[in-house]
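Asks: A structural model of the following input is requested.
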Amino acid sequence: MAGFLYFLPGAASANARILQTAGLADVLTGATLDTRGVSGSGPSGSQGIMLAPKLGGSFFGPPPPSLGTMPKIGYFRETQEWQEAPGGKYWLGRETAEPVLPADLARNEMIGGHLVKLADEKQWLIPVARAFPHGIVLPQALRLGPDGELVGDTLPKYIGFSKRAERLWDVWNAAMKELEAGKTPEPQLDVQEQWDITAEALAINYRINAMGMSMLGLINIGTPVLWKILQAIIDVPTILAEAAAMADDGEKKKDEPVAPPEGSPTSSGPEA
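Replies: Okay, the predicted model is just below:
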């Protein structure tokens, strides 16, 4: 197993401005990067700089099963696969002999959620944005309210995702009501919107973007993978588990023998 490599054609360094321009700020900003200049012909056919985020650090929330490994940094045509990002601002690469695993891409701080098996047959931790029955549970800043009470405001970096989660919740509730009424729910989210939400969810816990999702083939159409991810974001697995537990308790109570009234012919109490 080994993580991703990034190649910036024509670049000599990888500061925050360069990463922002290349569209890699969300993936690589804050990471400690191993870098190596490529003076000859890189994957783009020109010189540039090769990057790989280092692994390690402390983990908050459920950690990955183990720390991942880093790929060999450099351009090795025979042992690597490379894809050019739209616009050609960077290239994404991986070692062909080593699969890229979730542990290789895990961020140092992860948000708890549900493990979902994606199309690569690996378990990925999908963060819960809206937990049942509490509502939005993404990281918040604590502030003093007008009466001195503590209130929480969702951190700016998660506001967009929290709004997506609320939309997912509304869509799921509407679909459940349609099913209860014996109707077939009308699709509310097209494939592009589902893909975008999935990319945003994975990027919270892993150093991966839509380009990485594409290279690894994490999402298949015509399978339940996408819907399982969307359900995990709004904590549907917890809702279904609680509903199943309540139904099971109801069945057990229904099967329990009922004691006959005192004094009835089948009562085991004292006879009159």
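
Asks: Show me the chain divided up by domain.
Replies: Domain segmentation of the chain under automatic domain parsing yields 1-107, 111-256.

Asks: got CSV for the ones you listed, with mean pLDDT and mean neighbour count too?
Replies: C-beta coordinates here come from the backbone N, C-alpha and C atoms, glycine included. Converted to CSV, the domains of the chain look like this (pLDDT from 0 to 100; neighbours: other CB atoms under 10 Å):
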stretch, mean pLDDT, mean neighbour count
domain 1-107, 83, 16
domain 111-256, 88, 15
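
Asks: Please report the distance of the closest residue to Val128 other than its chain neighbours from Pro187.
Replies: Closest residue to Val128 apart from its sequence neighbours, by CB to CB, 6 or more residues apart in numbering: Gly113 at 4.3 Å. Computed as CB to CB, to the nearest Å, the Gly113 to Pro187 distance reads 25 Å.

Asks: Next: Gly42.
Replies: Per CB to CB, Gly42 is found 43 Å from Pro187.

Asks: ok, now Leu142?
Replies: From Leu142 to Pro187 the distance is 39 Å (CB to CB).

Asks: that older thread, identify the bridge partners of the residue nearest to Val128.
Replies: Here Gly113 sits in beta bridges with Pro127, going by DSSP bridges.

Asks: I'd guessed it sits against Gln123; true?
Replies: No. Taking contacts as CB atoms under 8 Å, Gly113 lies outside contact range of Gln123: 11.4 Å.

Asks: Do a quick rundown of the helices in the chain.
Replies: Using DSSP state H, the helices found in the chain span residues 16-22, 25-28, 102-105, 156-180, 191-205, 210-216, 225-233, 236-255.

Asks: what's the residue nearest to Ala52 when sequence neighbours are not counted in contact with, if anything?
Replies: Leaving aside its chain neighbours, Ala52 sits nearest to Asp34 (4.8 Å; criterion: CB to CB, 6+ apart). Asp34 sits next to 51-54, 70, 73 when contact means CB atoms under 8 Å, 6 or more residues apart in numbering.

Asks: which one of those is nearest Ala16?
Replies: Comparing these against Ala16 with CB to CB picks out Leu51 as the nearest, at 13.0 Å.

Asks: which residues touch the residue nearest to that closest one when sequence neighbours are not counted?
Replies: Among residues not flanking Leu51 along the chain, Tyr6 sits closest, at 4.3 Å (CB to CB, 6+ apart). Tyr6 makes contact with 24, 28, 50-52, 90-93, according to CB under 8 Å, 6+ apart.
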